[in-house]
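> give me a model of this one.
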Amino acid sequence: MNKEDNKMLKVDNLKKNFGDFQAVKGISFSVGKGEVLGFLGPNGAGKSTTMRMITGFIPPTSGTASVCGHDITTDPVAAKACFGYLPENAPSYRSMTVEDFLTFIAGVRGFHGKAGKEKVEAVIAKARLSNVAKQTIDTLSKGYRQRTCFAQAILHDPKVLIMDEPTDGLDPNQKFVVREMIKEMSADKAIIISTHILEEVDAVCTRAVVIAHGELKADGTPAELKAMDPSGKLDVVFRNLTMEKEGV
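Numbers count the residues shown, from 1 in each chain. This next block holds a predicted model:
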């Protein structure tokens, strides 16, 4: 197989303007099956804006993204059927129980009756939610709310999984659980994790891209990124790449 044929998510020269401000200035990268890509950048770098364009939440000013060969701007329904999305802050219907919320999501995805029940039971087990399945979401800790939204993102077993700050605000134990879930499903999916938490790279990522000021600054394996500075430390490389324009 041609290496490029394995790319399940392709981002091609995405740009986004908000009035006179250009938030994203021509970002391009791709993610293949079996890869966990860390999409790194400081706050305000353009990470969430890029994620929202990739997932079709906002239109790009120019450029495009394709998911499993489907263009998100010209064939959005087919593209969205191929990915699962965990947005930042894990939005959900908090008055619902975990089980009811996931049953609702199964219905939205076209799984009803026995098929829907099987999907919900499987994803509750996979996301380790069995002991809170009957609780309303507003009674859960942040870690369990995050896992509930994680479960809705993978319920339909998507080929591409897109996550925006999946462990932000979680305690060390909760982070560990979420990262283990990501590792467990990484073999047969293309996964992208947007984050400003550098430890995420060593914990789960096989590759990372770094953006700052809406521009792509680096793209490589964790080892390749660390090799960009004599210190061999990712935090030093990150600062060198992302703080240069501020003169700090």
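
> which residues of this structure fall in strands?
Under the criterion DSSP state E, the chain contains strands at 7-18, 21-32, 36-40, 62-67, 70-71, 83-86, 160-164, 190-195, 207-212, 215-220.

> would you list those in CSV and tack on distance to residue 234, mean neighbour count and mean pLDDT?
No exception for glycine: its C-beta is placed from N, CA and C like everyone else's. Output for those, formatted as CSV (distance: least, CB to CB, whole Å; neighbours: other CB atoms under 10 Å; pLDDT from 0 to 100):
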stretch, distance to residue 234, mean neighbour count, mean pLDDT
strand 7-18, 22, 19, 95
strand 21-32, 18, 18, 95
strand 36-40, 9, 26, 95
strand 62-67, 26, 20, 95
strand 70-71, 34, 16, 96
strand 83-86, 23, 23, 92
strand 160-164, 20, 24, 92
strand 190-195, 12, 25, 93
strand 207-212, 9, 23, 95
strand 215-220, 11, 17, 95
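
> now distance to residue 184 too, for those, in JSON lines please.
As requested, the strands of the chain are exported to JSON lines (distance: least, CB to CB, whole Å):
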{"stretch": "strand 7-18", "distance to residue 184": "18"}
{"stretch": "strand 21-32", "distance to residue 184": "18"}
{"stretch": "strand 36-40", "distance to residue 184": "11"}
{"stretch": "strand 62-67", "distance to residue 184": "22"}
{"stretch": "strand 70-71", "distance to residue 184": "26"}
{"stretch": "strand 83-86", "distance to residue 184": "14"}
{"stretch": "strand 160-164", "distance to residue 184": "12"}
{"stretch": "strand 190-195", "distance to residue 184": "11"}
{"stretch": "strand 207-212", "distance to residue 184": "19"}
{"stretch": "strand 215-220", "distance to residue 184": "25"}
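
> show me what the residue nearest to residue 208 when sequence neighbours are not counted is bridged to.
Leaving aside its sequence neighbours, residue 208 sits nearest to residue 38 (CB to CB, 6 or more residues apart in numbering; 3.8 Å). According to DSSP bridges, the partner residues bridging residue 38 are residue 193, residue 208.
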